[in-house]
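# Below are the sequence and a predicted model for it; my questions follow.
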Amino acid sequence: MKLRNAYLLIAGLIILGSCRNDDDAIGEIVPPRLLSEVTVEDDAEIIEFLKTHFYNDDEFETPPEGFDFKIRFDTIAGDNSSRQSLFDSPNLITQTITVDSENLGRPDDDEIVDQTLYTLVVRQGVADGKPTIGDFCILRYEGLLLDGTLFDASVNQPIRFNLSSVVQGFGNGMKNFQTGNGPIENGDGTVSYDGYGIGAIFMPAALAYFDSSPNTIVPTYSPLIFKVDAFTYEPDSDFDGDGIPSILEDLNGNGNLTDDNTDEELEAFTVFLPNFNDTDDDGDGILTIDEIELDDDGNFVGFLDTDGDGTPDHLDNDL
Ligand SMILES: [Ca+2]
Ligand SMILES: [Ca+2]
Ligand SMILES: [Ca+2]
Ligand SMILES: [Ca+2]
């Protein structure tokens, strides 16, 4: 699995030409592209795909015997001319997510651009609740380019993802899915799930790999599709074990845990640890778990504000 954190992108990275066009000279350096420009292009490509394709909704509505509950996309044409497009499907959810070029390793571009994320929920899961980007989720996935090329997939067994260690569009798409029941032991060492959420997430490059590539198949600046099966999730996951459910460490509530780093200045010459991955969020030498309120079982109860200045103790390093 090569999904990666956007915050790991290196500023000023020079991308060698991927030679997708015949007139690209070998070794030619492709200048970095602007977030604003890529956004418009990607959204147009995704909408084009959504308007010209349909999925096997008939099979999901009346499952034929032996149906594998996999989504299949096809072009609206010929015998399929009357099929409802993905774009017109009542199962398509759109979300707006604001992306700062700084988080793509481009602070000098100084751009803040809204992205549209499209999630097709083909079947909702039977379990209550939906994962957040602050949770671990057990799932299965396939990553595709818009032309249908498979570039990545989980194989065989379900995989467990921290939804903030994967590309931003993935975690934010997963939060639209109710999950299912399981794990159910199959008796041969494998497990399965039933009643889980099924769908696909369509994301612009700015919510995926932007100017980098997870492998040689994915060109830079590619919009992507992930087909997903949302098996189950772990509510109130705590990625750094500091006692705070990770979703509560998205301080600016923007669907991105990687851009909240309270002690960023202190970490300027060391390791940059966003709060969801930092056990001492304010860098005052006192662990966060010792600056919050927990019950006798160690479960999160709430924040403390000892000096009453409106900043909770774990984010207040002059306390
Ligand atoms: Ca955030
Ligand atoms: Ca930090
Ligand atoms: Ca933390
Ligand atoms: Ca602290």
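Received it, and whenever you're ready, just let me know what you need. In this text the structure is predicted, and so the values were computed from the model without any measurement. Ligands and ions are numbered 1, 2, ... in the order given.

# For the stretch 201-319 of the chain, which segments count as strands?
For the stretch 201-319 of the chain, applying DSSP state E, counting those that start in this stretch gives strands covering 224-234, 292-294, 300-303.

# Name the strands paired with the longest one and say parallel or antiparallel.
In the sheet, strand 224-234 lines up against strand 136-145 (antiparallel), strand 197-203 (antiparallel) (DSSP bridges).

# Adding mean neighbour count and mean pLDDT, write those out as JSON lines.
Just so you know, the C-beta spots here come from the backbone N, C-alpha and C atoms, and that holds for glycine as well. Converted to JSON lines, the strands paired with strand 224-234 look like this (neighbours: other Cβ atoms under 10 Å; pLDDT from 0 to 100):
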{"stretch": "strand 136-145", "mean neighbour count": "22", "mean pLDDT": "98"}
{"stretch": "strand 197-203", "mean neighbour count": "25", "mean pLDDT": "98"}
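
# out of the ones you listed, nearest to residue 293?
Nearest to residue 293 among the strands paired with strand 224-234 is strand 136-145; the distance by Cβ to Cβ comes to 23.7 Å.

# Is it possible to get the strands paired with strand 224-234 out as JSON lines so that each row also shows distance to residue 236?
Listed next are those as JSON lines, based on distance: least, Cβ to Cβ, whole Å:
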{"stretch": "strand 136-145", "distance to residue 236": "10"}
{"stretch": "strand 197-203", "distance to residue 236": "19"}
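
# Can you say which of those is nearest to residue 101?
So among the strands paired with strand 224-234, strand 197-203 is nearest, using Cβ to Cβ, at 17.0 Å.

# what residues does the closest one touch?
46, 49-50, 55, 60, 69, 71, 91, 115, 117-125, 167, 169-170, 173-174, 176-180, 223-230 (Cβ atoms under 8 Å, 6 or more residues apart in numbering).

# so which of the strands of the stretch 201-319 of the chain comes closest to ligand 4?
Of all those, it is strand 292-294 that lies closest to ligand 4, at 9.6 Å by Cβ to the ion.

# All good on my end, thank you.
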